[in-house]
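Enquirer: just the structure for this:
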Amino acid sequence: MKEFLHSFRGWINEDSRSSIMGTLGLSSSAAMHAIWAAKKLGVEEHAFLLLKFYYLRMLHYYKNEGGGEEKPSAKAVKKSVRWHIDYHAGGTKHTIGHDDETLERTLLSWYGEQGPWVMRDALAILKSAPKKYHKRLRSAGTWKTLTSAVETAMEDIEKEEQEKLRAKIREDIMIVFPDGFFWYNVTCTVAQSTEGRVMQHCGRPSEGGTMASLRDEHNNPHVTIDWNKETMKVHRCRGKQHELPHEKYWKYIYQFVDEVGIKIFDERGQKMSDPDTPLDDSLYDAVHANSNIPTPPLPS
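Expert: Okay, here's the model as predicted:
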């Protein structure tokens, strides 16, 4: 298996080297620097594209931002860019010193947190997006078309992710009401994070628990229930900022309790920020009066 992986990586590197030298007209030294950088960035198979995108950025710079009164010819620009890249890869007569900015370091910097957003987003697409988006980037022939390709790809990826999230929500809908409200089982971390941000609480269930969210027809959350499926116990039932839910939402809570089969409802209205404040048993009493849960004796 190790021999196979070694030969497979060798084939990838050789393919990248050939593409860089043949398509971009750069030296074998530039190809090796690109391969080293790609490996460190976790996209070893995309060394050619990493260097191509940098090459397109440098072409754009030399053509439009390089200074000088006269616009250089396209041929002169390509020659300058190739010399610049090969120079920092040690592919010219220049010998790279210990403190020189090598091509490998430059690529790591340009695709890092401080690099241009186009480069950072392009790397993200190569790392995790489906291959159909890689093809879009590969077809770019200028910095302008690359920028457009990256921007539209990121927009489409976000739409796909949103649709996946909506599909996940549809899968996890627990109870639907005629007025469009519904109880949603909040299982994935993205949805929990959204719940916490909108409702202004931690967005995490208690240990061993799960979260249910009361949402309106526009998918806006209004009540969060933290409950345990094994004990069928509700630990917390809160509105925004850890306050008790507004009374207009209580009817949905009664139905949740009955349809899910909750056996213990332990929301006592205690202030999360100040445990010494008096309990507010208004919701506790209402749930026990309007659901099938037997009312237990309150502790003295």
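Enquirer: who are the neighbours of the helix ranked longest in the chain, in terms of helices and strands?
Expert: What stands out as the longest helix in the chain, according to DSSP state H, is helix 143-171. In terms of contacts (3 or more C-beta pairs under 8 Å, 6 or more residues apart in numbering; DSSP states H and E), helix 143-171 is packed against helix 47-64, helix 117-128, helix 131-138, helix 189-199. Where C-beta positions appear, they are placed from N, C-alpha and C, glycine not excepted.
Enquirer: whichever strand or helix holds Ser213 to helix 189-199, inter-axis angle?
Expert: Element membership of Ser213, judged by DSSP states H and E, is strand 210-215. Strand 210-215 and helix 189-199 are oriented at 50 degrees to each other (axes from the mean of the first three to the mean of the last three C-alpha atoms, to 10 degrees).
Enquirer: could you list the buried residues of the helix or strand just after strand 210-215?
Expert: Sequence-wise, the next helix or strand downstream of strand 210-215 (DSSP H and E) is strand 221-228. Neighbour counts over strand 221-228 (16 or more other C-beta atoms under 10 Å) mark 221-228 as buried.
Enquirer: what's the closest of those to Arg238?
Expert: Thr224 (5.6 Å; C-beta to C-beta).
Enquirer: partner residues bridging that closest one?
Expert: Using DSSP bridges, the bridge partners assigned to Thr224 are Ser213, Arg238.
Enquirer: so it sits right up against Arg197, yeah?
Expert: No - judged on C-beta atoms under 8 Å, Thr224 makes no contact with Arg197 at a distance of 11.9 Å.
Enquirer: can you report how many residues neighbour Lys159?
Expert: 10 (other C-beta atoms under 10 Å).
Enquirer: Val77: what secondary structure?
Expert: helix (DSSP: H, G, I helix; E, B strand; the rest coil).
Enquirer: cool, the one 10 residues further on as well?
Expert: Going by three-state DSSP, the secondary structure assigned to Tyr87 is helix.
Enquirer: just give the nearest non-adjacent residue to Ile293, would you?
Expert: Phe265 (5.6 Å; C-beta to C-beta, 6 or more residues apart in numbering).
Enquirer: lovely, talk soon.
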